[in-house]
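Q: Next input, structure requested:
(one chain, ligands or ions: 1)
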Amino acid sequence: MSKPRILIPRAIFPEIIEKLAAHFDVETNQADEAWSPAEFAKHLAGKQGVFTTGSERVDAALLAACPGLKICANMAVGFNNFDVAAMTAAGVLGTNAPGVLDETTADFGFALLMATARRISESEHWLRAGKWDRWRYDLFASPDVHGSTLGIIGMGRIGRGIAKRGAHGFGMRVIYHNRTQLDAATEAECKARYVSKEELLRTADHVVLVVPYSPQSHHTIGAAELALMKPTATLVNIARGGIVDDAALAQALRDKRIAAAGLDVFEGEPQVNPALLTVPNVVLTPHIASASIPTRMAMANLAADNLIGFLVHGKPLTPLNPEVIAKA
Ligand code: 8YV
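A: Below is the predicted model:
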């Protein structure tokens with residue numbers, strides 16, 4: 001019997017290709033050539049599965065061009081690159097990679113908060129530019145992180161990891177806003193208090209965004225929300241591009257409406273709003289919050305195990321639309 005055919009459209013760990021090749025006829029793109037959506041569709045035609053990395057759009061048009069497709073396995077916890085309704089209608093399973101990146105991403109969120117609040121990037125650029133000639137009492141002086149108020153918008157596993165780091169490691173008062181309030185035991189574990197979004201924005205010294213992207217969460221932070229924040233506050237976005245109105249943020253940073261921002265994700269990435277590139281009080285990183293080697297390996301393994309689990313054994317590990325499994 002011939003093996004099912006799958007596509008890995010981006011470069012990936014060689015060990016993962018080897019693992020998948022034991023079960024599948026695998027087409028790869030280890031040269032990491034940039035494929036247009038039309039080229040992606042052409043390579044995907046005739047395949048039963050695809051190992052997506054989070055940047056490939058899977059929508060009704062792609063599904064119509066690839067009628068034999070059964071599963072799209074995302075190497076990401078976020079899946080806003082999938083039109084899940086269209087996939088369900090076409091009988092195509094989607095899977096994501098939850099759970100394996102929480103601590104690594106929470107570490108990075110905290111690192112970005114520290115770098116932003118304590119002006120690490122800004123002062124390093126200044127030093128590298130040869131501007132350091134002598135000590136000054138207020139040189140790159142900043143607000144404190146320890147003992148301050150940390151506001152977290154989005155209290156899923158990653159948000160809770162950041163809350164614990166802040167409360168237990170840095171003695172921060174943690175407030176959070178979420179679609180639903182956590183149970184009392186989880187709140188106690190994170191030492192976190194539920195507040196309205198408005199109270200959070202008005203009172204937090206440092207605001208961290210960890211909400212999944214959806215049309216409802218688009219521009220969770222725009223000009224009106226930035227206007228509520230303290231002028232000394234920092235804002236960190238490790239969630240998704242589009243959660244923050246980047247143009248409004250650039251303006252607020254330029255006007256010193258807020259003190260600083262740390263951004264790992266951007267509207268329209270890998271493009272970055274040019275206005276953000278010219279303001280000094282922002283730390284910019286290229287969507288690397290989950291990028292530790294062990295975590296990226298765990299994410300890739302989970303995506304691979306979903307492909308094997310579903311196409312070989314009929315049992316995916318982390319399905320997004322399990323209703324299609326029975327029909328497959
Ligand atoms: C991925 C992420 O690396 O898992 C997610 O949702 O944002 C990152 O960890 C990214 O999605 C890859 O495009």
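
Q: Now do the same for stretch 266-275: mean pLDDT, whole number.
A: When pLDDT is averaged over stretch 266-275, the result is 97.

Q: What residues sit buried inside it?
A: 266, 267, 269, 272, 273, 275 (16 or more other Cβ atoms under 10 Å). For every residue, glycine as well, the C-beta is placed using N, CA and C.

Q: need the residues you listed in JSON lines with secondary structure and distance to the ligand, can you?
A: Rendered in JSON lines, the data for these read as follows (DSSP: H, G, I helix; E, B strand; the rest coil; distance: Cβ to the nearest ligand atom, whole Å):
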{"residue": "266", "secondary structure": "coil", "distance to the ligand": "12"}
{"residue": "267", "secondary structure": "coil", "distance to the ligand": "14"}
{"residue": "269", "secondary structure": "coil", "distance to the ligand": "9"}
{"residue": "272", "secondary structure": "coil", "distance to the ligand": "16"}
{"residue": "273", "secondary structure": "coil", "distance to the ligand": "19"}
{"residue": "275", "secondary structure": "helix", "distance to the ligand": "23"}
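
Q: Against residue 213, how distant is residue 237?
A: Look at residue 237 and residue 213: by Cβ to Cβ, to the nearest Å, they are 11 Å apart.

Q: Give the intersection of the neighbour lists for the two.
A: With contacts taken as Cβ atoms under 8 Å, 6 or more residues apart in numbering, the residues that reach both residue 237 and residue 213 are residue 243.

Q: Settle it for me: which of those two has more neighbours?
A: residue 237 (27 against 18; other Cβ atoms under 10 Å).

Q: Tell me the confidence at the more buried one?
A: 98.

Q: Please apply the same query to the one 3 residues further on.
A: Per-residue pLDDT puts residue 240 at 97.

Q: Please identify which helix or strand holds residue 87.
A: Per DSSP states H and E, residue 87 falls inside helix 84-89.

Q: And for residue 276?
A: In this assignment (DSSP H and E), residue 276 forms part of helix 274-277.

Q: Output the contacting helices and strands for that helix.
A: helix 246-254, strand 282-284 (3 or more Cβ pairs under 8 Å, 6 or more residues apart in numbering; DSSP states H and E).

Q: Next one: residue 300 from the ligand, what distance?
A: Taking Cβ to the nearest ligand atom, to the nearest Å as the measure, residue 300 falls 10 Å from the ligand.

Q: Can you tell me the element the closest residue to that residue other than its chain neighbours falls in?
A: The shortest distance from residue 300 to any non-neighbouring residue, by Cβ to Cβ, 6 or more residues apart in numbering, is to residue 16 (4.7 Å). For residue 16, the element it lies in under DSSP H and E is helix 14-21.

Q: Quick one: mean pLDDT for that helix?
A: Rounded to a whole number, the mean pLDDT of helix 14-21 is 98.

Q: Only the buried residues of it, if you could.
A: Counting neighbours by 16+ other Cβ under 10 Å, helix 14-21 gives 16, 17, 19, 20 as buried.

Q: Of these, which is the nearest to the ligand?
A: Nearest to the ligand among the buried residues of helix 14-21, counting by Cβ to the nearest ligand atom, is residue 16 at 14.4 Å.

Q: Hmm, the closest one is touching residue 299, no?
A: No. Contact criterion Cβ atoms under 8 Å: residue 16 and residue 299 do not qualify, at 10.0 Å.

Q: so who does the closest residue to residue 276 other than its chain neighbours touch?
A: With Cβ to Cβ, 6+ apart as the criterion, residue 276 has its nearest non-adjacent residue at 4.9 Å, and that residue is residue 250. With contacts taken as Cβ under 8 Å, 6+ apart, residue 250 has the following neighbours: 273, 275, 276, 279, 282.

Q: of all the buried residues of stretch 266-275, which two lie farthest apart?
A: 269 and 275 (14.9 Å; Cβ to Cβ).

Q: In which helix or strand does whichever residue of the stretch 151-300 of the chain sits closest to the ligand reside?
A: With distances taken as Cβ to the nearest ligand atom, the stretch 151-300 of the chain approaches the ligand most closely at residue 290, which sits 3.2 Å away. Element membership of residue 290, judged by DSSP H and E, is empty: it is in no helix or strand.

Q: Same check on residue 26?
A: Counting by DSSP H and E, the secondary-structure element that holds residue 26 is strand 25-28.

Q: So for that strand, what gets flagged as buried?
A: The neighbour-count criterion (16+ other Cβ under 10 Å) identifies 26, 28 as the buried residues of strand 25-28.

Q: mind listing what the closest residue in space to residue 101 that isn't next to it in sequence touches?
A: Closest residue to residue 101 in three dimensions, ignoring its sequence neighbours and counting by Cβ to Cβ, 6+ apart: residue 290, at 4.2 Å. For residue 290, the residues meeting the contact criterion (Cβ under 8 Å, 6+ apart) are 76, 101, 104, 105, 108, 296, 299.

Q: Map the structural domains onto the sequence of the chain.
A: Using automatic domain parsing, the domain parsing of the chain gives 5-100+293-327, 102-284.

Q: Following the stretch of helix or strand residue 152 belongs to in sequence, what is the next regular element?
A: Element membership of residue 152, judged by DSSP H and E, is strand 149-153. If you walk from strand 149-153 toward the C-terminus, the next helix or strand you reach (DSSP H and E) is helix 157-164.
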